[in-house]
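Enquirer: just a sequence and a predicted model for now, questions to come.
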Amino acid sequence: MANIIYITEDGNRHEVEVESGSSIMDGAVNNGIEGIVAECGGACACATCHSFIAPEWLDKIPKKDDMEEFMLENVVGNKANSRLTCQVEVTDALDGLIVYVAQN
């Protein structure tokens, strides 16, 4: 388990326990975090789980694959720390990860 901190667009902070092996998106959906729509259910096909990873965590998560890069190219507001939360698997090492939910 890891505590993931989601900060929604309105500035509210939500710290929730997310099971290792699930995605950051699953953690948000299962805990009612607003802004992570997840229309495709985690298939990397819609980008409605777009969020920003706190810069200090970027080197602790796996790099984007080609499909995620392609999807993010078409996202308004794409930044260097943009990620599709369906593509980042939670591990115990991500305890304390900070995720800023984008406008989806």
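Expert: Received the coordinates, thanks.
Enquirer: looking at the residue nearest the centre of the chain now. What's its pLDDT?
Expert: Central residue of the chain (CA atoms, centre = their mean): residue 85, 2.8 Å from the mean position. With respect to pLDDT, residue 85 scores 98.
Enquirer: for it, phi and psi?
Expert: Phi and psi for residue 85, reported as degrees, to the nearest 10, are phi -70, psi -20.
Enquirer: ditto for residue 3
Expert: phi -80, psi 120.
Enquirer: ok, now residue 6?
Expert: Dihedral angles of residue 6 (phi, psi; degrees, to the nearest 10) stand at phi -100, psi 130.
Enquirer: what sits against it?
Expert: Contacts for residue 6 (CB atoms under 8 Å, 6 or more residues apart in numbering) come out as 13, 14, 15, 16, 27, 28, 31, 33, 36, 51, 99, 101. No exception for glycine: its C-beta is placed from N, CA and C like everyone else's.
Enquirer: roughly how far apart are it and residue 67?
Expert: 24 Å (CB to CB, to the nearest Å).
Enquirer: same question, residue 73
Expert: 11 Å.
Enquirer: more neighbours: which of these two?
Expert: Between residue 73 and residue 67, counted using other CB atoms under 10 Å, the more crowded position is residue 67 (13 against 9).
Enquirer: so that one touches residue 43, yeah?
Expert: No: contact criterion CB atoms under 8 Å: residue 67 and residue 43 do not qualify, at 9.8 Å.
Enquirer: show me the contact partners of stretch 84-96.
Expert: Contacts with stretch 84-96, where a contact means CB under 8 Å, 6+ apart, come from 1-5, 18-28, 36, 38, 40, 42-44, 47, 49-51, 53, 57, 60-62, 64-65, 68, 71-72, 97, 99.
Enquirer: from the residues you listed, which land in helices?
Expert: 24, 25, 26, 27, 28, 68, 71, 72 (DSSP state H).
Enquirer: wait, the first one touches residue 97, no?
Expert: If I follow you right, that is residue 24. Yes: shown here, residue 24 and residue 97 form a contact pair, counting by CB under 8 Å, at 7.5 Å.
Enquirer: find residues that contact each of those two.
Expert: Overlap of the contact sets of residue 24 and residue 97 (by CB under 8 Å, 6+ apart) consists of 4, 90.
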